[in-house]
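Asks: Structure, please.
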Amino acid sequence: MATLDDDLAKAVSEGFRLAQSSIINQDLILSGTGDVTVTLADGSKKTGPSWSKLITAANAAGTSAAAAKTSETNALASKNAAATSATNAATSEGNALASKNAAKTSETNAKTSETNAKTSENNAKTSETNAAASLAAAQQLTSVPYEDAPYPDVWAPLSDDLRLLAGFAPYDTLTISGKVLELPSKSMTFVRSTSATYIDKSGMLQTASINEPRFERGGLLVEGQGTNYFINSDDPTKWNSDAGITKESIVDGTTQAKTYKGTATTTSTSFLLIDSPAVSVSSGDIMTLSARFKGSTDRIRFGFTLNGTLAGTIFIDCSTGAVVGTPTAGLTYTISQGSDGYIYASATFAVSASGAITGNIRFISATNIASGAVIYVQTVQFEKAPVATSYIPTNSAAVTRAADNLRLQPLGNIGYRMTGDLFNRTLSIELSVDKFSPPSTNYHDLIRVVGANNDIILRVMATSLRSYRGGGGPVINTALPFLNKTYVQTIDASNKLSLYFDGKTDNGTSGPTNPASIPTLLEIVGHTNAVYHIRNFRIWHRLLTLNQINGLR
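Replies: Take a look at the predicted model:
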């Protein structure tokens, strides 16, 4: 067994001690925190920072350096921002001054806006009220503005005869070989004590017998009494024309009427074509001269000669129908051109003094009518009336046409027994007022119930249509004449009377003047101051809805 001497054993032990001490010191330095104390080889002690503390210090130093760099960058940005702020401050100072001025303007505008806001508030309130009313009106209508009415209780189309499709009247009769046969049809009654002419739906002049209705394109023609004072109107060879123009009687034009064909055989500035007999008149009487004519050249003159002096004239171009020059003051006229080249013209003249008046027509020129020039004239009429009426043929004397009158029994048709009974009724009629001049009473009752005080269904005035139950009634203003419009009247059980015409309506509540009066006749009557057409006469013994009324045609 080997044995170590003391010196070697001592050296080995010292080596082990130093190695162990180095391990301990290394462990303190690497694993310790903060400051650590190590033992040196000679046994002395030494205190210093651990590795952990050194790393922490190094990291802190790096962070500080980065922060310093950031601060430097921010400082430069702050410097630049300061310069920009200085510039902006100068701009702001200018803007502040402008803002001050704008603020003053804004203050003024604010005051105006406050006033306007108040006005707007008031307007909004009004609009709200109007909107509510409009909504209420709109809610009365469906998406379709009208709807079909139910079948009428009384219905006379009046397009080509008087038959009732509904309603009460005696059955029509037919007499054959002295025997009276009852027919299944019923009709309204028509009365006119004379024959009368009319223009049928093909444009031809026709003659209706006594009590025979006249149906034209507008429906049943209704006129008042009229007289043609121009004699021999149907025999142009007897017209009082000037020498220098030949006279022929031909049948011409769409009307196929007796026609004057005049041919100039010499040159002249004027040829008299017709001159009526003198008619006695009083101051204020109104005379109307009418005729159809055509020509390829020159003019025609309608004239009125009062007590030997030419008092009223109008000049009309023979081919165009244009008025040439200015008609005499107070003279009124109508002019229309037909498809056959004929021009229909009427001239109306108010007489200024009592005496005798004649109507005359001349073929006239501003220079000379050439030899060979031709003029055609037909249906000449000279009447004491404010409107021209249908042509009345004459021979050697003046001829009078009686007034038209259409009638229907009240029983079962008009809706009540006594005028004061409460009832519901809707009445509708298609109407054309072709000509109308207010009479001295200022009105004409077209449709009324005789014996009822009052049941005036349609009254025509100068500028309006009216209806009456008592001393007054609703009114709708309208221009006259007018063509092909639907007139509707309703009466309800509260005595409310309403009118509907041409998109307008009016109503009022009034009981009849004499509730105990008994109706005797429903009539549609002619008047000297009016020419009109009616058709599609209907009555419902109920109130139609607004949509149904809008749908009536």
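Asks: Please give me every residue in contact with residue 239.
Replies: 232, 247, 260, 273-274 (Cβ atoms under 8 Å, 6 or more residues apart in numbering). Every residue, glycine included, has its C-beta placed from N, CA and C.
Asks: Give me the subset of those residues lying in strands.
Replies: 247, 260, 273-274 (DSSP state E).
Asks: returning to what we had before: could you dump the contacts of residue 239 into JSON lines with neighbour count added?
Replies: Converted to JSON lines, these look like this (neighbours: other Cβ atoms under 10 Å):
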{"residue": "232", "neighbour count": "18"}
{"residue": "247", "neighbour count": "14"}
{"residue": "260", "neighbour count": "26"}
{"residue": "273", "neighbour count": "26"}
{"residue": "274", "neighbour count": "23"}
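Asks: what's the following helix or strand after the lowest-mean-pLDDT helix or strand in the chain?
Replies: Ranked by mean pLDDT, DSSP states H and E, the weakest helix or strand in the chain is helix 51-138, scoring a mean of 60. Counting by DSSP states H and E, the next helix or strand C-terminal to helix 51-138 is strand 154-156.
Asks: residue contacts, residue 476?
Replies: 464-466, 499, 501-502, 504-506.
Asks: Out of those, which two sit at the greatest distance?
Replies: 466 and 502 (14.2 Å; Cβ to Cβ).
Asks: Just want to know which of the two has more residues nearby.
Replies: residue 466 (19 against 14; other Cβ atoms under 10 Å).
Asks: who's in contact with the closest residue to residue 302 other than its chain neighbours?
Replies: In space, and not counting its chain neighbours, residue 302 is closest to residue 347: 4.3 Å by Cβ to Cβ, 6 or more residues apart in numbering. Residues near residue 347 by Cβ under 8 Å, 6+ apart: 288-290, 302, 304, 312, 314, 327, 331-333.
Asks: Which parts of stretch 465-475 count as buried, going by neighbours?
Replies: 465-470, 473-475 (16 or more other Cβ atoms under 10 Å).
Asks: how does this protein divide into domains?
Replies: With domains defined by automatic domain parsing, the chain comprises 10-68, 146-223+402-553, 226-401.
Asks: residue ranges for the helices of the stretch 451-553 of the chain, please.
Replies: Applying DSSP state H, counting those that start in this stretch to the stretch 451-553 of the chain gives helices spanning 546-550.
Asks: Strands of that one, start to end?
Replies: For the stretch 451-553 of the chain, applying DSSP state E, counting those that start in this stretch gives strands covering 456-461, 464-468, 475-477, 482-491, 496-501, 504-509, 521-525, 530-540.
Asks: Relative to residue 210, tell me which of the ones you listed wins on proximity.
Replies: strand 521-525 (17.4 Å).
Asks: Give me the contacts around the closest one.
Replies: With Cβ under 8 Å, 6+ apart, strand 521-525 has contacts from 222, 403-410, 413-414, 445-451, 534, 537.
Asks: and residue 365, what does it touch?
Replies: Residue 365 neighbours (Cβ under 8 Å, 6+ apart): 268-270, 297-299.
Asks: Off-centre distance for the top strand by length along the chain?
Replies: Counting residues, the longest strand found in the chain (DSSP E) is strand 355-369. Chain-centre distance of strand 355-369: 43 Å, with Cα atoms, centre = their mean, to the nearest Å.
Asks: Which positions in it come out as buried?
Replies: 355, 357-365, 369.
Asks: Partner strands of the very next helix or strand once past it and their direction?
Replies: Using DSSP H and E, the helix or strand that follows strand 355-369 in sequence is strand 374-383. Looking at strand 374-383 with DSSP bridges, its partner strands are strand 257-264 (antiparallel), strand 286-295 (antiparallel).
Asks: Could I get those in TSV, plus columns for distance to residue 481 and mean pLDDT?
Replies: Output for the strands paired with strand 374-383, formatted as TSV (distance: least, Cβ to Cβ, whole Å; pLDDT from 0 to 100):
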stretch	distance to residue 481	mean pLDDT
strand 257-264	24	98
strand 286-295	15	98
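Asks: Tell me which of the ones you listed sits most buried.
Replies: strand 286-295 (a mean of 24; mean count of other Cβ atoms under 10 Å).
Asks: Give me the helices and strands touching the following helix or strand past that strand, please.
Replies: Sequence-wise, the next helix or strand downstream of strand 286-295 (DSSP H and E) is strand 299-306. Judged by 3 or more Cβ pairs under 8 Å, 6 or more residues apart in numbering; DSSP states H and E, strand 299-306 is in contact with strand 286-295, strand 309-317, strand 343-350, strand 355-369.
Asks: Let's have these in a markdown table, adding distance to residue 27.
Replies: What follows is those, written out as a markdown table (distance: least, Cβ to Cβ, whole Å):
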| stretch | distance to residue 27 |
| --- | --- |
| strand 286-295 | 143 |
| strand 309-317 | 139 |
| strand 343-350 | 139 |
| strand 355-369 | 145 |
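Asks: quick one, which of those strands is nearest to residue 485?
Replies: Using Cβ to Cβ, these put strand 343-350 closest to residue 485, at 22.5 Å.
Asks: Could you check the closest one and say which residues are buried?
Replies: Buried residues in strand 343-350 (16+ other Cβ under 10 Å): 343-349.
Asks: Can you check what angle separates that strand from strand 309-317?
Replies: 150 degrees (axes from the mean of the first three to the mean of the last three Cα atoms, to 10 degrees).
Asks: Number the chain from 52, please
Replies: Fine by me, first position is 52 from now on; the one you just mentioned is strand 394-401.
Asks: Name every strand pairing with strand 394-401 and say which way it goes.
Replies: Looking at strand 394-401 with DSSP bridges, what it pairs with is strand 337-346 (antiparallel), strand 383-388 (antiparallel).
Asks: closest one to residue 471 among the ones you listed?
Replies: The nearest among these, by Cβ to Cβ, is strand 337-346 at 40.6 Å.
Asks: how distant is that closest one from the center of its chain?
Replies: With Cα atoms, centre = their mean as the basis, the mean position of strand 337-346 lies at 35 Å from the chain mean.
Asks: Same check on stretch 565-572?
Replies: Taking mean C-alpha positions (Cα atoms, centre = their mean), stretch 565-572 and its chain are 39 Å apart.
Asks: mean confidence score for it?
Replies: The average of the pLDDT scores along stretch 565-572 is 97.
Asks: quick one: the closest residue to residue 598 other than its chain neighbours from residue 586, how far?
Replies: Spatial nearest neighbour of residue 598, chain neighbours left out: residue 198 (4.6 Å); criterion: Cβ to Cβ, 6+ apart. Distance of residue 198 to residue 586, computed by Cβ to Cβ, to the nearest Å: 22 Å.
Asks: Kindly report the same for residue 426.
Replies: 37 Å.
Asks: again, but for residue 548
Replies: In this view, residue 548 and residue 586 are 24 Å apart by Cβ to Cβ.
Asks: before we move on, the earlier item: list just the nearest of the buried residues of strand 394-401 to residue 604.
Replies: For the buried residues of strand 394-401, the nearest to residue 604 is residue 395 (28.2 Å; Cβ to Cβ).
Asks: Pairing-wise in the sheet, spell out the partners of that closest one.
Replies: Beta-bridge partners, per DSSP bridges, of residue 395: residue 343, residue 387.
Asks: on that earlier part again, for residue 335, state which of the buried residues of stretch 516-526 is nearest.
Replies: Taking Cβ to Cβ as the measure, residue 335 sits nearest to residue 517 out of the buried residues of stretch 516-526, at 25.8 Å.
Asks: okay but that closest one is in contact with residue 524, surely?
Replies: Yes: contact status for residue 517 versus residue 524: in contact at 5.8 Å, counting by Cβ atoms under 8 Å.
Asks: who touches both of the two?
Replies: residue 507.
Asks: Could you provide the contacts of residue 398 in TSV, with additional columns for distance to residue 604?
Replies: Putting these into TSV (distance: Cβ to Cβ, whole Å) gives the following:
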residue	distance to residue 604
339	33
340	37
341	32
353	38
355	42
363	42
365	38
378	38
382	38
383	32
384	33
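Asks: Good, wrapping up.
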